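Colleague: please work out how this folds:
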Amino acid sequence: MAAYDAQDRQLFEKVAAPLYEEMLAGAGLPADDPRLGHDGAGGEPVSAVRRALDLLAELGLARLDPETDRWLPEDPTSSVARVVSPLGREGARLLEESAAWSSTLATLGQAWRRTPQAADVGPFTYLRAEAIEPFLAALVAECQDEALTAQPQTGRDPKLLAVGIQRDTALLERGARIRTLYQHSARRSSATREYVAEVTARGAEVRTLDEFFNRMIVIDRRVALIPSGDDLSVALAVREPSVVAYLVDVFERSWARARPFTSRSATMLKDIAAEQRAMTLRMLIEGHPDPVSAKRLGVSPRTYAGYVADLKHEFEAETRFQLGYTIGQRGLSGEE
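Modeller: Take a look at the predicted model:
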């Protein structure tokens, strides 16, 4: 049975599927349709429509009727089993193989940590660029009890979130817990909402917070991964128990104040809006530039400018100077 890849799917979506619908609407397709071009004999190029028709025939979606000399559409039901079922079996096989590799490498990791070489590495390890993701993947593969993650929302790559879904799903299915903190602004990201829906359906917990915090991942309360300064291309792996315990305490305090991502109650959404308003006030009072304030709130500068415009409207101010004066006159601090 032929295996179909992404290139075949793209041909199917862009050319073959419209061709199939055309065959449905027109009671088939003449075999001598000029768009079918050459058959490739003698080195002539094969047209995209010809390749799409061949794919339809191979999938059992089209057959040539010798009596009418027309290509006729067929019921796609059997094609679903022909294409999707093998891919599902291959996906299950790859997941099983991945789990086996994770288990084997985790065993080696435990053996490594018992050796003198591991002690020589020390409690802190700097990881640069391409070394970060493999290190994180290995950490998650070894996780037995709990993974704590803090992720400021600054436009995460949907591709990385897709990888995160697979990795975190495997962790949850092993029986470990996941607790994740985002900023309130993450609720506007469709990719993040998709990720949250997938992992919470398997038992993960996700909450959001108004205040800015930095990236952090803690595995089994023994290893933490944090950025090294402002340069996100360098990460610091921390194994010092007292430092890891401190980071866990910071996470727990933030977690206690955060709000469940999946809750959509009117009261909670009103509270979130109030928290973002209060933080915008604090940013203005403290005099931060707009890019800094936007980053602290986890939003784009344009969205932050919208927050400021809302405050100007609320306080009936024409300019930021008037807004600042009014805020000062009323004795507001952003902590109300």
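
Colleague: now the helices: where do they sit in the stretch 151-300 of the chain?
Modeller: 158-173, 190-200, 241-257, 266-286, 290-297 (DSSP state H, counting those that start in this stretch).

Colleague: helices or strands next to the first one in the packing?
Modeller: If I follow you right, that is helix 158-173. The contact analysis (3 or more CB pairs under 8 Å, 6 or more residues apart in numbering; DSSP states H and E) places helix 158-173 against helix 77-113, helix 132-142, strand 177-183, helix 190-200. C-betas here are computed from N, CA, C, even on glycine.

Colleague: and if we set it to 6 Å?
Modeller: Judged by 3 or more CB pairs under 6 Å, 6 or more residues apart in numbering; DSSP states H and E, the packing partners of helix 158-173 are helix 190-200.

Colleague: one more: the second one?
Modeller: The criterion is 3+ CB pairs under 6 Å, 6+ apart, and the helices and strands that helix 190-200 contacts are helix 158-173.

Colleague: now the shortest one
Modeller: Counting by 3+ CB pairs under 6 Å, 6+ apart, the packing neighbours recorded for helix 290-297 are helix 301-314.

Colleague: for the helix it packs on, which residues meet the burial criterion?
Modeller: Y304, Y307, V308, L311, K312 (16 or more other CB atoms under 10 Å).

Colleague: quick one, it and helix 266-286 angle?
Modeller: Relative orientation of helix 301-314 versus helix 266-286 (axes from the mean of the first three to the mean of the last three CA atoms, to 10 degrees): 90 degrees.

Colleague: what number of residues lie near the residue nearest to T303 when sequence neighbours are not counted?
Modeller: Leaving aside its sequence neighbours, T303 sits nearest to A294 (CB to CB, 6 or more residues apart in numbering; 7.1 Å). Other residues lying near A294 total 22 when counted by other CB atoms under 10 Å.

Colleague: count the neighbours of R51 for me.
Modeller: Counted with other CB under 10 Å, residues neighbouring R51 total 17.

Colleague: which SS state does it fall under?
Modeller: helix (DSSP: H, G, I helix; E, B strand; the rest coil).

Colleague: over to the one 3 residues further on?
Modeller: When states are read from three-state DSSP, the local structure at D54 comes out as helix.

Colleague: pLDDT below threshold where in the stretch 151-300 of the chain?
Modeller: Within the stretch 151-300 of the chain, the stretches with pLDDT under 70 are 153-159, 212, 230-232.

Colleague: greatest separation within the buried residues of helix 301-314: which pair is it?
Modeller: Greatest spatial distance in those: Y304 and K312, 13.0 Å, computed using CB to CB.

Colleague: nearest spatial neighbour of the residue nearest the centre of the chain, chain-adjacent residues omitted?
Modeller: In the chain, the C-alpha nearest the mean C-alpha coordinate belongs to L161, at 1.7 Å (CA atoms, centre = their mean). Nearest residue to L161, sequence neighbours excluded (CB to CB, 6+ apart): Y195, at 4.6 Å.

Colleague: the one you found contacts L160, correct?
Modeller: No: using CB atoms under 6 Å, Y195 is not in contact with L160, being 9.7 Å away.

Colleague: looking at the two, which has the bigger crowd around it?
Modeller: Y195 (24 against 12).

Colleague: please report how far that one lies from G306.
Modeller: 25 Å (CB to CB, to the nearest Å).

Colleague: got it, and A191?
Modeller: For A191, the distance to G306 equals 21 Å [CB to CB].

Colleague: what's the answer for Y126, then?
Modeller: Y126 is 39 Å from G306, by CB to CB.

Colleague: just A17 next, same as before
Modeller: 40 Å.

Colleague: do the same with P18
Modeller: For P18, the distance to G306 (CB to CB) stands at 41 Å.

Colleague: and for R253?
Modeller: Relative to G306, R253 is positioned 30 Å away (criterion: CB to CB).

Colleague: S103 too?
Modeller: In terms of CB to CB, S103 sits 49 Å off from G306.

Colleague: what secondary structure does the most far-flung residue of the chain relative to its centre sit in?
Modeller: Distance from the centre of the chain peaks at E67, with 52.7 Å (CA atoms, centre = their mean). The three-state label given to E67 by three-state DSSP is coil.

Colleague: now do it, the pLDDT please.
Modeller: The per-residue pLDDT reported for E67 equals 86.
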